[in-house]
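Participant: The following comprises the amino acid sequence and a computationally predicted model.
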Amino acid sequence: MKRLPMIAGNWKMNTNLNEAVKLVNAMLPGMDKLKGVEKVVCPPFISLEAVKNILKGSSVKLGAQNLFYEEKGAYTGEISPLMLAGMCEYVIIGHSERRQYFGETDEIVNKKMKSAVKNGLKPIFCVGEKLEENEAGKTEVVLTRQVKACSDHDYFTHGAVIAYEPIWAIGTGLAATASQAQRTINFIRRLVTEQQGGDIGGAVRILYGGSVTAANIADFMKEPDVDGALVGGASLKSDDFLGIVRQASEIRG
Ligand code: PEP
């Protein structure tokens, strides 16, 4: 099944407004030309509008890094799906940093998924195991729990993408090997089909995330089940991110 590869940059809590504008302006001309790969940048909330205006008319899409599942009300400091609808196409949901530092449970992640899809936003749904779970051979158990928790709705026919991000590989410089990513992503595909029926698992795009750089992206893109990458650190340097997108486009575009 032909799936459009995707490279998404998660800027996390980096860049103020001026820096975000500078970063997107630096990467846009090179990135806009690259074909056969969907390109997404996910700046902090306060820069979404400025970055959206810069991306207007280009082939690069915008994503948010989070949302709250309620649509409005007394939730000080939160950002609702209604505020993001029409602003961006994608939203990262269930990133391990949100699960780890902000207490997001599988149940909360599922509520966010539901709220995003209801409001026309496409989730980049993050799953992944901790180092100790990996070492104890529990990767598949953890992934099954995380995917199953979000299987009561057809998110994947509404444009949701999965990002497999082993927590031990995020921001550590210790990326999974391409064959580890391939094996685990293939497992997730089979899991999705088992949960959702049809060949949803064959159709859904599944990215790898965790210390992806311009030096290792080619290995990941050569694996048949790996549809691209969610990139953290390397998405903050325009040349590095451009190098990642370029190679993804050359190998799979
Ligand atoms: C991420 O934030 O999703 C991520 C994968 O970060 P890094 O590329 O820095 O490991």
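Facilitator: Great, that's in hand.

Participant: Pick out the residue of the chain closest to the ligand.
Facilitator: residue 232 (2.1 Å; CB to the nearest ligand atom). Backbone N, C-alpha and C define where each C-beta goes, glycine included.

Participant: OK, contacts around that residue?
Facilitator: 10, 12, 170-171, 209 (CB atoms under 8 Å, 6 or more residues apart in numbering).

Participant: again, only this time at 6 Å
Facilitator: When contacts are counted by CB atoms under 6 Å, 6 or more residues apart in numbering, residue 232 touches residue 10.

Participant: try residue 182
Facilitator: Shown in contact with residue 182 (CB under 6 Å, 6+ apart): 223, 225.

Participant: That one - that's part of a strand, no?
Facilitator: No - Residue 182 is assigned helix when assessed by DSSP: H, G, I helix; E, B strand; the rest coil, not a strand.

Participant: where's it relative to residue 114, distance?
Facilitator: Distance of residue 182 to residue 114, computed by CB to CB, to the nearest Å: 30 Å.

Participant: And residue 190, by the same measure?
Facilitator: Distance of residue 190 to residue 114, given as CB to CB: 24 Å.

Participant: of those two, who's got more company?
Facilitator: residue 114 (17 against 12; other CB atoms under 10 Å).

Participant: For the closest residue to that one other than its chain neighbours, give me the pLDDT.
Facilitator: In space, and not counting its chain neighbours, residue 114 is closest to residue 153: 5.8 Å by CB to CB, 6 or more residues apart in numbering. Per-residue pLDDT puts residue 153 at 89.

Participant: What is the neighbour count of residue 153?
Facilitator: Per other CB under 10 Å, the neighbour tally for residue 153 reads 15.

Participant: where does it land in three-state SS?
Facilitator: Applying three-state DSSP: residue 153 is coil.

Participant: got the buried residues for the worst-scoring helix or strand of the chain on mean pLDDT?
Facilitator: In the chain, the helix or strand scored least confidently by mean pLDDT, DSSP states H and E is helix 200-203, which has a mean of 94. Buried residues in helix 200-203, counting neighbours by 16 or more other CB atoms under 10 Å, are found at 200-201, 203.

Participant: what subset of those residues is also close to the ligand?
Facilitator: With CB under 6 Å from any ligand atom as the criterion, these include none near the ligand.

Participant: I'd like to know how many residues surround the residue nearest to residue 58 when sequence neighbours are not counted.
Facilitator: Closest residue in space to residue 58, ignoring its immediate chain neighbours: residue 32 at 4.7 Å, by CB to CB, 6+ apart. Around residue 32 sit 14 other residues, with neighbours defined as other CB under 10 Å.
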